[in-house]
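>>> have a look at this prediction, sequence included:
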Amino acid sequence: MNPDDYKDIFEPFDRLVEIEILGKTFEVPENNSLLRCFQYLSLDSVSKGDFCWNRDCMNCQVWIDNNGKEKALISCRAKVKEGMKIVRLHEEVVLEDLDLDDS
Ligand code: FES
């Protein structure tokens, strides 16, 4: 699937910002929640994931690097910020379109 076909699900954005997910850099639309950004990167798997999108299920939880400590975020509610480093994902956050497995 092509994210351009699904523009309506994203908040309006003028540019992409860089974030890091498990040590790899990706470009995602500014002004959107992190979960939308994951959907931008892996449309099929995130669209089919078990997500409430309204802070109830906690399946979208991720952890970012916050000055060397992990900080939990609810990705359906947290807005993306340039340079964010996501170091851990809830098991429901499957980004199958990304080559994240370094092992
Ligand atoms: S998707 Fe359910 S809490 Fe974020």
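In hand now; what should we look at? Residues are numbered from 1 along each chain as shown.

>>> Phe38 belongs to a helix, doesn't it?
Yes. Checked against DSSP: H, G, I helix; E, B strand; the rest coil, Phe38 lies within a helix.

>>> which residue sits closest to it, ignoring its sequence neighbours?
Spatially, and ignoring its direct neighbours in sequence, Phe38 is nearest to Val46 (5.0 Å; CB to CB, 6 or more residues apart in numbering). Backbone N, C-alpha and C define where each C-beta goes, glycine included.

>>> sec struct for the one you found, please.
Once three-state DSSP is applied, Val46 turns out helix.

>>> ok, it - how many residues close by?
For Val46, the count of nearby residues is 23 (other CB atoms under 10 Å).

>>> hey, C-alpha coordinates of stretch 69-86 in CSV?
Presented in CSV, the C-alpha positions along stretch 69-86 are these (Å, rounded to 0.1, in the frame of the first residue of the first chain):
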residue,chain,number,x,y,z
LYS,A,69,16.6,6.9,30.7
GLU,A,70,13.7,5.2,29.1
LYS,A,71,10.4,7.1,29.2
ALA,A,72,7.1,5.5,28.3
LEU,A,73,4.8,7.3,25.8
ILE,A,74,1.3,6.5,24.6
SER,A,75,2.0,6.7,20.9
CYS,A,76,-1.6,7.4,19.8
ARG,A,77,-1.5,10.6,21.9
ALA,A,78,2.1,11.7,21.8
LYS,A,79,3.1,14.0,19.0
VAL,A,80,6.2,13.2,17.0
LYS,A,81,9.2,15.4,17.7
GLU,A,82,12.2,15.7,15.4
GLY,A,83,15.1,13.6,16.7
MET,A,84,13.0,11.4,18.9
LYS,A,85,14.7,8.1,19.7
ILE,A,86,12.4,5.2,20.2
